[in-house]
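Student: Any chance you can model this:
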Amino acid sequence: MSSKLPYRPSGEASGARTPPHKKEDDDKPRRWDEPPEKEPPWPPENEATLLLVHKRQLMCVAKEAMRIKFSSSDEHIAVMMPYGLGHWNTIYEWNTNNYKRIIHLDIKVSGDFALAPTPDRAVVAPYQKWIQIERNTNAWGLRPVITIFDLERRKNRLIREYLDIQGPITYSPDGTLIAAVDSKDTSRITICDAQSLQLVMTIPHHTDEVTHLAFSPDGISLASLSKDGWARLTSVHLGRTLRRYDTGGGRTPKMLQFSLDGELVACIWGREVNLWYPETGIVNAYDLNTVRRTEGWPLCISPDCKYLACRTEDGFDVSDLLTGTFRGDLCGDTAAVTSAAFSSTGRNLVIGKMNGEIELYEVITVD
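Tutor: Prediction:
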């Protein structure tokens, strides 16, 4: 008589003892409400490879943080917020070395402002001022005024001139030029001297409103986005188009950023991220709705074109700009994030909220 035990189809002997690694009820169907013995691993696309460490809360007032910018040296943070009941805004500023707020008086700004790279203490702010158009009549109207303020010495203003420009507005890397949009014809770009505010050049290459401007790191060219659907690269000295590409129209320009080496121009049109390499003419693109795991609204691009920060319904997150891959997030905020800015090194991120909270985070890569 054979001493071998009969085997089941599964290959396990019917009389054999249950292996120590297997439970008696392993073959029973699992109930829907029974927790698994081991949580399944996160999908790779959901794994955080970047930490956002809270460093400081700078302010909390009942005003929306509309725009936030770091100075080129990262020593100052400037925030644009509504001012009183008028049609203009004002600027709040902090020194990042001691986190003290620098008080300014009577800084009025409409739409946008720019921080000077050298010296790192000037802010140019355009706003609309009511003036008497004709001396012999009682006719009044709005006229754009450009004011340059000192960031550190707390003087009310250094320069004020009537100049027909409006935002977007930006400084050249060496601080000698200011580029903005012509307030009389928003399809035109105006370049003026940063010291005297005298007109240097008018660039009329777009056919619709210009929405974004950015100088190349070497200051030789100026990138621009317009509602006409074109992205252009224009010579600052000659005023001629160097490179351009057409998005096909139908999408609103949202963001523009030059990489630090000047080889990449990152543009966001609607929900589409465009990575434009002007020297080769290559444009790589992806849709945020396709690559993101949750819905997000772009806030800012890091100066090195490595990260993209987006507002979410639960807070904000940071993704890889080149691929759209998720890197890290911060959830649980009750107030919507309305603005953000990376420092020049990309190691710090400041965000502003609808309720006026301004918070500074350290960006730490863990991969």
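Student: Please pull out the lowest mean pLDDT helix or strand from the chain.
Tutor: strand 122-132 (a mean of 64; mean pLDDT, DSSP states H and E).
Student: what's downstream of it, the next helix or strand?
Tutor: strand 140-150 (DSSP states H and E).
Student: Figure out how far that next one is from the centre of its chain.
Tutor: Computed by CA atoms, centre = their mean, to the nearest Å, the chain-centroid distance of strand 140-150 equals 26 Å.
Student: pull the CA atoms of it into CSV?
Tutor: Output of strand 140-150 as CSV, limited to C-alpha atoms (Å, rounded to 0.1, in the frame of the first residue of the first chain):
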residue,chain,number,x,y,z
TRP,A,140,-9.8,115.0,-17.4
GLY,A,141,-8.6,111.6,-18.4
LEU,A,142,-6.3,108.7,-17.4
ARG,A,143,-2.6,108.9,-18.2
PRO,A,144,-0.1,106.1,-17.6
VAL,A,145,2.5,107.1,-15.0
ILE,A,146,5.8,105.1,-14.5
THR,A,147,7.3,105.4,-11.0
ILE,A,148,10.6,103.8,-9.8
PHE,A,149,10.9,103.3,-6.1
ASP,A,150,13.8,102.4,-3.9
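Student: Show me what the helix or strand harbouring residue 192 pairs with in its sheet, parallel or antiparallel.
Tutor: Here residue 192, judged by DSSP H and E, is contained in strand 189-193. With DSSP bridges as the test, strand 189-193 is paired with strand 177-182 (antiparallel), strand 199-203 (antiparallel).
Student: Identify each buried residue in that strand, please.
Tutor: For strand 189-193, burial by neighbour count (16 or more other CB atoms under 10 Å) applies to 189-192. The way it works is simple: take the backbone N, C-alpha and C, and place the C-beta from them, glycine included.
Student: could those residues be laid out in TSV, adding pLDDT?
Tutor: TSV is the format used below for the buried residues of strand 189-193 (pLDDT from 0 to 100):
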residue	pLDDT
189	97
190	95
191	96
192	92
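Student: tell me how far stretch 197-204 is from the chain's mean position?
Tutor: 27 Å.
Student: in it, what's buried?
Tutor: Result for stretch 197-204 [16+ other CB under 10 Å]: buried residues 197, 200-201, 203.
Student: Kindly report the same for stretch 326-339.
Tutor: 326-330, 333, 337-339.
Student: Which residue in those has the weakest pLDDT?
Tutor: pLDDT across the buried residues of stretch 326-339 is lowest for residue 333, at 73.
Student: Setting aside sequence-adjacent positions, which residue approaches that residue most closely?
Tutor: Nearest residue to residue 333 in three dimensions, chain neighbours excluded: residue 315, at 4.3 Å (CB to CB, 6 or more residues apart in numbering).
Student: how close does the spatially most central residue of the chain sit to residue 67?
Tutor: Nearest to the geometric centre of the chain sits residue 300, at 1.0 Å (CA atoms, centre = their mean). Counting by CB to CB, to the nearest Å, the separation of residue 300 from residue 67 is 10 Å.
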